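In: sharing a sequence plus its predicted fold:
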Amino acid sequence: MLVTPGGGAVPLEIAASYKARRRGLLGRDGIAGALLITPTNSVHTFGMRFTIDVAYLDRSLTVLDVVTMRPGRLGMIRPRGRHVLEAAGGAMADWGLRRGVRVAVDRQGGPEPSSVNAP
C-alpha cells in the first residue's frame, strides 16, 4: 500500500524488475491505485491508452515534482529522482501529493523489494 500525506492508503503495485519497469502501464485501460517504478528518473507515455499523473520521488520518497501526462509524451529526466509513481490522471491531487510531501510504502503481508529504499 502507498501511504499518502493525509494518512490514506492506496493500493500499490511495484515494478522493480527490468521487465516490469519496461512494461509499466502499457496495454492497460486504467489502474486502481498506483504503480511505483523503481529505479528510474523518467518515464514516457508512448503506447498508453489514458492520461496519467506522474510523481517523481527521491531516495527518501519525497515528491520532487508531479505532472500530468497525456498519451504519446516523453517526460523530462529528473536527475535527483530515484522512483516514479504513476496513477490515473487527477488521482494524485485527490491524495494530496505535491512537491515536498513524503509518501511511504507499507509492505505488510508482501515481499519487500530490495530496490525500494523506503523508510
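Out: Structure received.

In: double-check that residue 94 belongs to a strand.
Out: No: going by DSSP: H, G, I helix; E, B strand; the rest coil, the assignment for residue 94 is helix, not a strand.

In: in terms of helices and strands, where is the most centrally placed residue in the chain?
Out: Residue closest to the mean C-alpha point of the chain, counted by CA atoms, centre = their mean, is residue 85 at 0.8 Å. Applying DSSP states H and E as the criterion places residue 85 in strand 83-88.

In: what lines up beside that strand in the sheet?
Out: strand 34-37 (antiparallel), strand 52-57 (antiparallel) (DSSP bridges).

In: ok so, going back, tell me the pLDDT of the residue nearest to the centre of the chain.
Out: Listed pLDDT for residue 85 reads 98.

In: may I have the beta-bridge partners of it?
Out: residue 36, residue 55.

In: who are the contact partners of it?
Out: Contacts for residue 85 were tallied using CB atoms under 8 Å, 6 or more residues apart in numbering; they are 2, 34-37, 54-55, 57, 92, 97, 103. (C-beta placed from N, C-alpha, C; glycine too.)

In: nearest to residue 17 among those residues?
Out: For the contacts of residue 85, the residue nearest residue 17 by CB to CB is residue 37; the value is 10.6 Å.

In: residue 97: neighbour count?
Out: Using other CB atoms under 10 Å, residue 97 has 24 neighbouring residues.
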